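Asks: Sequence plus the predicted model coming up.
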Amino acid sequence: MLSRKKTGLIIVDIQGKLARTVHHSQMLISNCGKLIAGARALDLPIVLLEQNPEKLGRTVEELSVHLDGIHPIPKFTFNACDAPDFLEAINSLNVDSWLVCGIEAHICVYQTAKGLADLGFKVELVSDCVSSRLSSNVQLGIDRLKKSGVEITGLEMCLYELVKDCREPEFKEILSLIR
């Protein structure tokens, strides 16, 4: 089970034109916005990644409005674990479990989630918060991660797992995100 004291969120490359061309892009962006808002309500650490931002653009506005004070970590490797700034960021946080969302499911999301698992972190892929240009590649990324030991979760499932109790003060905010 996820623990809010030991869980963080990694947002992978939801940026520029690519974010608008992935499969079900509007749903992806909407779900990721809810996930980010839920993570903020639960006070989870958030790490934001941007792949080659000078070429691909910045994180889409619909998400960046939820990310005040969080500076993106630029990367050029597909596996963020190969980027020293990313490793420094995740190692500076008191987190042993990571929720992962973003694009593309079969490239940067896959390689980063697998890299985190290989480093000994517990990783849960938020399946309705990932996408790729082709739907078949979304499923490929999810299947490969599942086979490599990464847990698969969903937006609603992980937020309710983290809030744990309907009497928690954050529950109403989480409920409003889901409904």
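Replies: Arrived safely.

Asks: residue contacts, Leu9?
Replies: By Cβ atoms under 8 Å, 6 or more residues apart in numbering, Leu9 lies in contact with Leu35, Ile36, Ala39, Leu44, Pro45, Ile46, Val47, Trp98, Leu99, Val100, Cys101. C-beta here means a position set from N, CA and C on the backbone, and glycine is covered the same way.

Asks: could you redo the last one with a cut-off of 10 Å?
Replies: Neighbouring residues of Leu9 by Cβ atoms under 10 Å, 6 or more residues apart in numbering: 32, 35-36, 38-40, 42, 44-48, 95, 98-101, 126, 129, 158.

Asks: The lengthiest strand in the chain pairs with which strands, and in what direction?
Replies: Ranked by residue count under DSSP state E, the longest strand found in the chain is strand 122-131. Looking at strand 122-131 with DSSP bridges, its partner strands are strand 97-103 (parallel), strand 151-153 (parallel).

Asks: which one of these lies closest to Glu170?
Replies: strand 97-103 (15.8 Å; Cβ to Cβ).

Asks: Moving C-terminal from that closest one, which element do we reach first?
Replies: Later in the chain than strand 97-103, the nearest helix or strand by DSSP states H and E is helix 108-118.

Asks: what's across from the most centrally placed residue in the chain in the sheet?
Replies: Geometric centre of the chain, nearest residue: Cys101, 2.6 Å, by Cα atoms, centre = their mean. For Cys101, the residues forming beta bridges with it (DSSP bridges) are Ile11.

Asks: List the contacts of it.
Replies: By Cβ under 10 Å, 6+ apart, the neighbours of Cys101 are 9-12, 14, 28, 31-32, 35-36, 39, 63, 109, 125-131, 155, 158.

Asks: is it true that Leu67 lies in a helix?
Replies: No - assessed with DSSP: H, G, I helix; E, B strand; the rest coil, Leu67 is coil; it does not lie in a helix.

Asks: quick one: it and Thr77, what's the gap?
Replies: Taking Cβ to Cβ, to the nearest Å as the measure, Leu67 and Thr77 are separated by 22 Å.

Asks: ditto for Gly38
Replies: Distance from Gly38 to Thr77, by Cβ to Cβ: 28 Å.

Asks: out of these two, which sits in the busier spot?
Replies: For Gly38 versus Thr77, the count of surrounding residues by other Cβ atoms under 10 Å is larger for Gly38: 25 against 15.

Asks: And the pLDDT at the more buried one?
Replies: Gly38 is assigned 97 on the pLDDT scale.

Asks: Please state the offset of the one helix or strand Leu9 maps to from the chain centre?
Replies: Per DSSP H and E, Leu9 falls inside strand 7-12. For strand 7-12, the separation from the chain centroid amounts to 4 Å (computed by Cα atoms, centre = their mean, to the nearest Å).
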